[in-house]
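Participant: Dropping a prediction and its sequence here:
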Amino acid sequence: MKLTDIARLRLHHQQISQQSFTKPQDVVRWLVAVQAQDYLNSLWAVGLRLKNARDQDIEQALVDKTIVRTWPLRGTIHYTSPEDVRWMLKYLAPRVITRYGTVHRQVGLDAKTLTKGMKVFAKALEGSAPLTRPELYDALGRAKINTGEQRGLHILVYSALKGLICVAPRRGKQPTFALLDEWLPATKMPDREEALASLARRYFSSHGPATVQDFAWWSGLTGTDARKYLDAVKKEFEEATVEGQTYWFKPVEGKLKSATGAVFLLPPYDEYTVAYKDRSVVLEDAQAASTGNGIFRPVVISGQRVVGTWKRTRSKNLFTVETDITPPFPKAKQETLKKALKHYGRFVSIDVELS
DNA sequence: TGTGGTGCACCCGCTGCAAC
DNA sequence: GTTGCAGCGGGTGCACCACA
């Protein structure tokens, strides 16, 4: 096995070079969590993995509560499945909350204020329609809690990590928030061992080939726990050592579709680029896709690897897409790029042109 | 209707230190 | 020596607003 084989298998398992699903909830359940910090682009992260989806299909899934947006992994906002959200928060969020302790101290948020903030949110949202961020900040203000210097945001995220609230569909362009237990029906809570072994199984199935370090990074588990839960399920996977790293993966039944000639436009923070500790498998030049401080740009994939970035600019009825590909595509490849743009245009239901 | 400026929200990677 | 934790710095996209 070579690095290109790893990338090709990841494109397959991540539902990019082939799509097995027709519903947003099936994609999200398969990947366990899909990073969703940039809302409009995150719709495409789900949509590109579906057959013939449009952006309103993903938004409708949020309205229908078949997927939910909250902070289940690494303190990062993701889409996840209603049946997964509570156990992920229970078993994965405590480490994130510990890590946020430093930031809370910096902005002057102590445990008493955070608890009071949660009570304010609970009272404001109980039996109410979802509220926007400004509305929740007003509630904090009325309770004499200062929301400046991002304190309001930190109370909001803390409340989500504690499982009190989750993100509900947008009102206009504003995201709204609801009480998790009012928004989603009660679900079975697996015990820790069962839940985290299942997490390992699902990560290596949907994201493999991946290393135990990748799993630890993605899940936020400690290295010790990541090894423990991989050990619990690794007999279900194949193992390959490439350039000194051990990768675990599900083999593909039948012939693996070649993605060498295909071009894919991935959104910023896509699982294909973000969900691994070691991104060198797909990022020849890491700077092309990442600024190095947590910001991931939208990328162009060709021959399984990141070959450049793309950027969209919206005017009234048109998206103009600008690409930065090195070296520039030859004419034939430009046509493949235009095909990828057409796919994206269908998804957003707006004409897309290459600048 | 388009353009430009401003502020907000986002969270990752790196380094150093402590604990085991 | 390995692992985990704490602290810190910072680039990008979006919403919003003012103005042409």
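Facilitator: Received the coordinates, thanks.
Participant: Going by C-alpha atoms from here, please, whenever you check contacts or count neighbours.
Facilitator: Will do.
Participant: which intervals of chain A have sub-threshold pLDDT?
Facilitator: A:257-260, A:283-295, A:314-317 (pLDDT under 70).
Participant: any idea where the strands of it begin and end?
Facilitator: Counting by DSSP state E, chain A forms strands over residues A:33-35, A:68-73, A:76-80, A:131-132, A:165-171, A:174-179, A:238-242, A:245-249, A:263-266, A:299-302, A:305-315, A:318-325, A:351-354, given from the N-terminal end onward.
Participant: Can you lay out those as JSON lines showing distance to A:G208 and mean neighbour count?
Facilitator: Shown next, in JSON lines, are those (distance: least, CA to CA, whole Å; neighbours: other CA atoms under 10 Å):
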{"stretch": "strand A:33-35", "distance to A:G208": "15", "mean neighbour count": "27"}
{"stretch": "strand A:68-73", "distance to A:G208": "18", "mean neighbour count": "28"}
{"stretch": "strand A:76-80", "distance to A:G208": "19", "mean neighbour count": "23"}
{"stretch": "strand A:131-132", "distance to A:G208": "38", "mean neighbour count": "21"}
{"stretch": "strand A:165-171", "distance to A:G208": "29", "mean neighbour count": "21"}
{"stretch": "strand A:174-179", "distance to A:G208": "33", "mean neighbour count": "21"}
{"stretch": "strand A:238-242", "distance to A:G208": "10", "mean neighbour count": "14"}
{"stretch": "strand A:245-249", "distance to A:G208": "5", "mean neighbour count": "18"}
{"stretch": "strand A:263-266", "distance to A:G208": "18", "mean neighbour count": "25"}
{"stretch": "strand A:299-302", "distance to A:G208": "18", "mean neighbour count": "24"}
{"stretch": "strand A:305-315", "distance to A:G208": "16", "mean neighbour count": "18"}
{"stretch": "strand A:318-325", "distance to A:G208": "27", "mean neighbour count": "16"}
{"stretch": "strand A:351-354", "distance to A:G208": "33", "mean neighbour count": "16"}
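Participant: could I get these as JSON lines with distance to A:F204?
Facilitator: Formatted as JSON lines, those follow (distance: least, CA to CA, whole Å):
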{"stretch": "strand A:33-35", "distance to A:F204": "13"}
{"stretch": "strand A:68-73", "distance to A:F204": "16"}
{"stretch": "strand A:76-80", "distance to A:F204": "17"}
{"stretch": "strand A:131-132", "distance to A:F204": "36"}
{"stretch": "strand A:165-171", "distance to A:F204": "27"}
{"stretch": "strand A:174-179", "distance to A:F204": "32"}
{"stretch": "strand A:238-242", "distance to A:F204": "10"}
{"stretch": "strand A:245-249", "distance to A:F204": "6"}
{"stretch": "strand A:263-266", "distance to A:F204": "21"}
{"stretch": "strand A:299-302", "distance to A:F204": "22"}
{"stretch": "strand A:305-315", "distance to A:F204": "20"}
{"stretch": "strand A:318-325", "distance to A:F204": "31"}
{"stretch": "strand A:351-354", "distance to A:F204": "35"}
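Participant: tell me the domain ranges of chain A?
Facilitator: With domains defined by automatic domain parsing, chain A comprises A:19-183, A:263-354.
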